[in-house]
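Chemist: Need a 3D model of the sequence below.
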Amino acid sequence: MYGVFTTTGSAPAPKATPRAEVTYEVTGSGTVDISYRALGASGADAAVTASGVRLPWKKTVDVPLGKDPVVSIVLDERGGRARCALAIRGKHLQSSTASGEFGRATCTGELPAPE
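Modeler: Numbers count the residues shown, from 1 in each chain. Predicted coordinates for the structure are as follows:
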């Protein structure tokens with residue numbers, strides 16, 4: 001038995017990932033390594049790392065609902081002082097400060113699960 005396949009009509013559009021806008025900000029002076037959660041180019045949850053970033057630094061990204069936004073900073077060997085901050089949909093949620101040689105700080109929040 002043989003069949004015929006047709007290509008009439010269009011394929012269903014891919015379902016968009018529910019997301020929220022998150023702003024990460026790092027202030028202070030010096031150089032830090034920054035890791036943060038964002039929606040990747042493929043539309044999936046992704047961890048992003050930026051090394052040797054000169055401060056100040058600010059980034060607004062989309063984060064999938066149900067995943068906690070997070071930004072972590074690590075000062076370099078020269079130390080110093082840096083502050084990370086996190087805002088979801090424009091509302092400040094958390095901040096934390098790192099100081100000293102290889103000082104660390106992490107800011108995280110909670111997004112609702114998708115419905």
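Chemist: tell me which strands and helices the helix or strand hosting Ser51 is in contact with?
Modeler: Following DSSP states H and E, one finds Ser51 within strand 45-54. On a contact count with 3 or more C-beta pairs under 8 Å, 6 or more residues apart in numbering; DSSP states H and E, strand 45-54 meets strand 31-39, strand 57-64. Just so you know, the C-beta spots here come from the backbone N, C-alpha and C atoms, and that holds for glycine as well.
Chemist: where in the chain is pLDDT low?
Modeler: For the chain, the stretches with pLDDT under 70 are 1-16, 114-115.
Chemist: Now with 50, please.
Modeler: 3 (pLDDT under 50).
Chemist: returning to that earlier point: note down every partner strand of the strand holding Ser51 and its orientation.
Modeler: strand 31-39 (antiparallel) (DSSP bridges).
Chemist: Kindly export the strand it pairs with (C-alpha atoms) in PDB.
Modeler: The C-alpha trace of strand 31-39 is given here as PDB (Å, rounded to 0.1, in the frame of the first residue of the first chain):
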ATOM      1  CA  THR A  31      36.900  43.400  37.700                       C
ATOM      2  CA  VAL A  32      34.500  40.400  38.400                       C
ATOM      3  CA  ASP A  33      33.400  37.200  36.900                       C
ATOM      4  CA  ILE A  34      29.600  37.100  36.600                       C
ATOM      5  CA  SER A  35      27.300  34.100  36.100                       C
ATOM      6  CA  TYR A  36      23.500  34.400  35.600                       C
ATOM      7  CA  ARG A  37      20.400  32.500  34.400                       C
ATOM      8  CA  ALA A  38      18.700  33.600  31.200                       C
ATOM      9  CA  LEU A  39      16.600  32.200  28.300                       C
END
